[in-house]
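**Student:** Have a look; sequence and predicted model below, questions after that.
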Amino acid sequence: MENIISIFVKSVFIDNMIFAFFLGMCSFIAVSKTVKTAVGLGIAVIFVLGITLPVNYLLNKYLLTPGCLAWISPGLADVDLSFLSFIIFIAVIASITQLVEMVVEKFAPALYSSLGIFLPLIAVNCAILGGSLFMQERGYANLGEAVSFALGSGTGWFLAIVGIAAIREKLKYSNVPAPLRGVGITFIITGLMGIAFMCFMGIKL
């Protein structure tokens, strides 16, 4: 249990997808103009990560890892399907993203309109694919650890985009130099937030 909590806290604060690896920056910058849209996209990212990463973990463990097909037949022990990882991971992510898009369009049409093209673009959000690839690289021992990492990564991305959105809303009333208005000041604030999150590296887990 302690290991699962440790993975969650570490993925939220220390290995934050935005501030540690700069994954998902395109939608992070584009959709963080208002807190409302940032919250909507952040929840969608948590949902997609929370489903796709455990599914990809199971596919990786029982289908893609070299020698893992022995559970089907001993004669398949030498089969290596790891070269299909990217294709299968992306296919799962695209399927779940399509489901999320349909649900949001059905139950929150205003949010769907606000998010625009960036909701279906979750399918190519590098933070989502990065989560599955990190999971594969780190070799989590069980499904619980994979789920903890997925929810932690999604929560970290959520905190990052809501935080920058709140700051950008306040910046509308600030005297920002003309050359820095818009994306320029957003990149500067993102860098400062990244430096601030480095303080969490001192957490002993």
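**Tutor:** Great, that's in hand.
**Student:** Residue 34 is in contact with residue 166, isn't it?
**Tutor:** No. Between residue 34 and residue 166 there is no contact, the gap being 9.5 Å when judged by Cβ atoms under 8 Å. Where C-beta positions appear, they are placed from N, C-alpha and C, glycine not excepted.
**Student:** The closest residue to residue 71 other than its chain neighbours: how many residues sit nearby?
**Tutor:** Leaving aside its chain neighbours, residue 71 sits nearest to residue 62 (6.7 Å; criterion: Cβ to Cβ, 6 or more residues apart in numbering). By other Cβ atoms under 10 Å, 12 other residues sit near residue 62.
**Student:** And residue 28, by the same measure?
**Tutor:** Taking other Cβ under 10 Å as the criterion, the count of residues near residue 28 is 26.
**Student:** Would you mark the buried spots in the helix or strand containing it?
**Tutor:** For residue 28, the host element (DSSP states H and E) is helix 25-30. For helix 25-30, a neighbour-count test (16 or more other Cβ atoms under 10 Å) marks 25, 27, 28, 29, 30 as buried.
**Student:** just stretch 83-92 next, same as before
**Tutor:** Buried, per 16+ other Cβ under 10 Å, within stretch 83-92: 85, 88, 89, 90, 92.
**Student:** what's the weakest-modelled helix or strand in the protein?
**Tutor:** Across the helices and strands of the chain, mean confidence by mean pLDDT, DSSP states H and E is lowest for helix 109-115: a mean of 79.
**Student:** dump the residue contacts of the residue of the chain positioned farthest from its centre.
**Tutor:** The outermost residue of the chain relative to its centre, with distances by Cα atoms, centre = their mean, is residue 75 at 37.5 Å. Applying Cβ atoms under 8 Å, 6 or more residues apart in numbering, we find residue 75 in contact with no residue.
**Student:** Next, it: phi, psi?
**Tutor:** Torsion angles at residue 75 (phi, psi; degrees, to the nearest 10) stand at phi -70, psi -20.
**Student:** same check, this time on residue 24
**Tutor:** With angles defined as degrees, to the nearest 10, residue 24 sits at phi 80, psi 30.
**Student:** again with residue 79
**Tutor:** According to degrees, to the nearest 10, residue 79 has phi -80, psi 130.
**Student:** How about the one 5 residues further on?
**Tutor:** For residue 84, the backbone dihedrals (degrees, to the nearest 10) come out as phi -90, psi 0.
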